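Sequence plus predicted model, see below.
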Amino acid sequence: FIGLRQALRRYMYAVLYNSPALREAYPGQVKLLAQRLESYQRTAAAEDRAEIGRLVGWLDQAGQAESVVRAVRRRFAYPNAWLQVSQPFLSSGLRDDVRRVAPVRETILGTAIRGQALTTGTLSATLLSDDERGAFRLNLVGTALSDNVGFNRGVRIYSNGRTRIRAGKVLYVEGDQLLDDGGLFSVPATADCDTETQLRGVAANCGLVERIAWKQAQRQRAAAERIASRKAERRVAQQVDDQAGEFLADSRQRFRNRVRGPLRRRDALPRRFQLRTSAKDLLVRVLQTNVAQLAAPSLPPSLEGGSDLSLRLHETAVGNFAESTLGARTVTDEELRRLLKENNRPVPEALSEKGDPWSITFSAEQPINAEFRETGIRVALRGRRFTRARSAISDEAEIFAVYKIRRGGPGESVLERQGDVEVNFIGQESLSLQQVAFKSFLQSKFRDLFAAEVPLDYLELTGRWEQVGKLALGQAQSANGWLTVAWRLAKTQQSEPAREARRD
């Protein structure tokens, strides 16, 4: 069906842009583009930028004014979402304790060894420097303790083994290839093992044989330990490869089902998805745009001081992504409740099952719009049809709220809403009775979604990343179309993983 959609779209463009009306429309489109560019230069209004994107897309699809199209797109070509995480953050989140019991079945110097081994240790991750992709090294440091019995020509040799294990495997992630259902690969694991054995006793049918076997076992112990170490290295490397293979296969499947598939079905795949790692951090850069959209006009602001988790988001990322995922889509109150529950968010009283069922059909263009300015943050939803019980209204309306970042002491930094939630019917100077009723209704429903205060001081993640603990706010800034939020790990959480990463 995706292929069918693409073919229909190509056919639609062929019909549209071979129409005689194209020649008549061209001068007006170019004039409007010039006006919007001039207006955007003065005000940097999101509405102007969205219209510029659509006009440039029209010219591009029509094969007109190629130099103008290239110039405008070069001006708005920077990635509009930047995610950065530190090495200590990854160490805390990906750290796992290993505990495994496995049988021992080896043959060393003609002696069949049988027993059981308990392996304990720690699995951690460190970052490797790579400017073209994400590079990670999985590190396994542990110890295997075994209780063994060796069998050789009627003689039983009882021993304990202690193997120190250090293993590693390098994984690579190429972001753009992830969007093509690839991008995850690795190199074979390596292991360094050192085995020591302690002979506990020898049993045979006669004392003379026992004494001879004991002396022989003592003479061969060093050689046996070297052989056991090499066998352990091959075994551990294979285990790490097998587990990493399962992890990569599972990661590909999860990314395909939860990210790539849904985004591809909605034409929302980013144009670029780039990863870069250094010994200090992982940087993810996303360019979210399509042929009729613009990206950021500048690089993001610099981060202040050190941070362990940061997000720098341009307002184009919000509008562009929303247009692909929510444009012209109808969302019911039931879907909103389910979405909140799936993300472990409380359901506000205004969105409870009490009262009339309702829905919003989002506008096709910029259904969610954000403006990140020094004066405040404006977040707006735009719909073209609204229903309540059996009544409906098909007038385009915008529901918005304005926030300011209020910094304070610990526990006092919040995103504070300025005034009430507003509802404006687009292009309407005066409202009908039905519009007044829907305006009041929509305000009551979205007042809780646009919360009066959003705490910023601490961030608590879920799932695997819950073990990272609370993250304290380090930076919160809105300016020039960019929203920057950064958090830091607590010092007690940061110190130990960092020391272990350096040691490994």
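Received, thanks. All values derive from a computational prediction rather than experimental measurement. Numbering: from 1, shown residues only.

residues contacting Phe89?
Contacts for Phe89 were tallied using Cβ atoms under 8 Å, 6 or more residues apart in numbering; they are Asp308, Leu309, Val468, Leu489. C-beta coordinates here come from the backbone N, C-alpha and C atoms, glycine included.

Remind me which helix or strand it belongs to.
helix 87-94 (DSSP states H and E).

tell me the average confidence for that helix?
Across helix 87-94, the average pLDDT comes to 91.

distance between it and the chain's centre?
Offset of helix 87-94 from its chain centre (Cα atoms, centre = their mean, to the nearest Å): 14 Å.

mind starting the numbering at 59 from now?
Will do, 59 is the new start, and the previous item becomes helix 145-152.

CA atoms of that helix as CSV?
Extracted in CSV, the C-alpha atoms of helix 145-152 (Å, rounded to 0.1, in the frame of the first residue of the first chain):
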residue,chain,number,x,y,z
GLN,A,145,29.3,8.2,28.7
PRO,A,146,28.3,8.1,32.5
PHE,A,147,24.6,8.2,31.5
LEU,A,148,25.0,5.2,29.1
SER,A,149,27.2,3.3,31.7
SER,A,150,24.5,3.7,34.3
GLY,A,151,21.6,2.8,32.0
LEU,A,152,23.3,-0.2,30.2
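
which residues does Arg431 contact?
Per Cβ under 8 Å, 6+ apart, neighbours of Arg431: Ser536, Ala537, Asn538, Gly539.

circling back: okay, the contacts of Phe147 in a markdown table with secondary structure and pLDDT next?
As requested, the contacts of Phe147 are exported to a markdown table (DSSP: H, G, I helix; E, B strand; the rest coil; pLDDT from 0 to 100):
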| residue | secondary structure | pLDDT |
| --- | --- | --- |
| Asp366 | coil | 95 |
| Leu367 | strand | 95 |
| Val526 | helix | 88 |
| Leu547 | strand | 90 |
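
which stretches of the stretch 259-408 of the chain form strands?
For the stretch 259-408 of the chain, applying DSSP state E, counting those that start in this stretch gives strands covering 330-335, 339-345, 367-372, 388-390.

For Ala129, find the nearest of those.
Closest approach to Ala129 among these (Cβ to Cβ): strand 339-345, 18.0 Å.

Residues contacting stretch 247-263, please?
Stretch 247-263 has contacts (Cβ under 8 Å, 6+ apart) with 212-227, 268, 271-272, 275-276, 279, 282-283, 286-288, 290-292, 294-296, 298-299, 302.

Just say which of the strands of the stretch 259-408 of the chain is most tucked in.
Neighbour counts (mean count of other Cβ atoms under 10 Å) averaged over each of the strands of the stretch 259-408 of the chain peak at strand 367-372, with a mean of 23.

residues making contact with that strand?
Under the criterion Cβ under 8 Å, 6+ apart, residues 136, 138-144, 147, 353-354, 358-359, 361, 430, 517, 529, 533, 539-545 lie in contact with strand 367-372.

Tell me which of these fall in helices.
Taking DSSP state H, the ones among the contacts of strand 367-372 that sit in helices are Phe147.

Give me the buried entries from the contacts of strand 367-372.
Taking 16 or more other Cβ atoms under 10 Å as the criterion, what is buried in those is 136, 138-140, 142-144, 147, 353-354, 358, 361, 430, 529, 533, 539-545.

So which of these sit within strands?
Within these, residues falling in strands by DSSP state E are 139-140, 142-144, 430, 529, 533, 540-545.

Output the residues you listed in CSV; the columns should cover distance to Gly173.
CSV is the format used below for these (distance: Cβ to Cβ, whole Å):
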residue, distance to Gly173
Ala139, 54
Trp140, 53
Gln142, 48
Val143, 43
Ser144, 43
Phe430, 63
Leu529, 45
Gln533, 55
Trp540, 61
Leu541, 59
Thr542, 57
Val543, 54
Ala544, 52
Trp545, 48
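
Ala160: which of those is nearest?
Taking Cβ to Cβ as the measure, Ala160 sits nearest to Val143 out of these, at 34.0 Å.

List the contacts of Phe458.
Each residue near Phe458 by Cβ under 8 Å, 6+ apart is listed here: Arg436, Val437, Ala438, Leu439, Val479, Glu480, Asn482.

Kindly format the C-alpha coordinates of stretch 413-424 as CSV.
Listed next in CSV are the C-alpha coordinates belonging to stretch 413-424 (Å, rounded to 0.1, in the frame of the first residue of the first chain):
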residue,chain,number,x,y,z
GLY,A,413,-19.4,13.4,29.9
ASP,A,414,-20.0,13.4,26.2
PRO,A,415,-17.6,11.6,23.8
TRP,A,416,-15.8,14.0,21.5
SER,A,417,-13.2,14.2,18.8
ILE,A,418,-10.9,16.5,16.9
THR,A,419,-9.9,16.2,13.3
PHE,A,420,-6.5,17.9,12.9
SER,A,421,-5.7,20.3,10.1
ALA,A,422,-3.7,18.8,7.3
GLU,A,423,-1.0,21.5,7.6
GLN,A,424,0.9,22.1,10.8
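
quick one on the thing from earlier: select, out of the strands of the stretch 259-408 of the chain, the one closest to Ala104.
Here strand 367-372 is closest among those (Cβ to Cβ), at 10.7 Å.

hey, where'd the helices end up in the stretch 159-308 of the chain?
For the stretch 159-308 of the chain, the helices defined by DSSP state H, counting those that start in this stretch occupy 233-236, 265-313.

deepest of those helices, which one?
Greatest burial across the helices of the stretch 159-308 of the chain, using mean count of other Cβ under 10 Å, falls to helix 233-236, with a mean of 18.

helices or strands up against that helix?
Packed against helix 233-236 by the contact rule (3 or more Cβ pairs under 8 Å, 6 or more residues apart in numbering; DSSP states H and E) you find strand 330-335.

Now with 10 Å, please.
The contact analysis (3 or more Cβ pairs under 10 Å, 6 or more residues apart in numbering; DSSP states H and E) places helix 233-236 against strand 242-244, helix 265-313, strand 330-335, strand 339-345.

what's the angle from the third one to strand 339-345?
Which is strand 330-335. Calculated by axes from the mean of the first three to the mean of the last three Cα atoms, to 10 degrees, strand 330-335 forms an angle of 170 degrees with strand 339-345.

wait, isn't Val472 in contact with Tyr461?
Yes - using Cβ atoms under 10 Å, Val472 makes contact with Tyr461 at a distance of 9.1 Å.

So for the two, which residues contact both of them?
In terms of Cβ atoms under 10 Å, 6 or more residues apart in numbering, Val472 and Tyr461 are both contacted by the residues Ala509, Ala510, Glu511, Val512.

So which of those residues sit within helices?
Using DSSP H to define helices, no part of the shared contacts of Val472 and Tyr461 is located there.

got TSV for the residues you listed, with neighbour count, pLDDT and distance to Gly61 too?
Converted to TSV, those look like this (neighbours: other Cβ atoms under 10 Å; pLDDT from 0 to 100; distance: Cβ to Cβ, whole Å):
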residue	neighbour count	pLDDT	distance to Gly61
Ala509	15	89	42
Ala510	16	91	47
Glu511	11	91	47
Val512	12	90	42
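
burial of Leu439, as a residue count?
Using other Cβ atoms under 10 Å, Leu439 has 24 other residues around it.

Please, which helix or strand holds it?
Assigned by DSSP H and E, Leu439 belongs to strand 434-446.

if we can go back for a sec, can you say which of the helices of the stretch 159-308 of the chain is nearest to Asp414?
Using Cβ to Cβ, the nearest of the helices of the stretch 159-308 of the chain to Asp414 is helix 265-313, at 38.1 Å.
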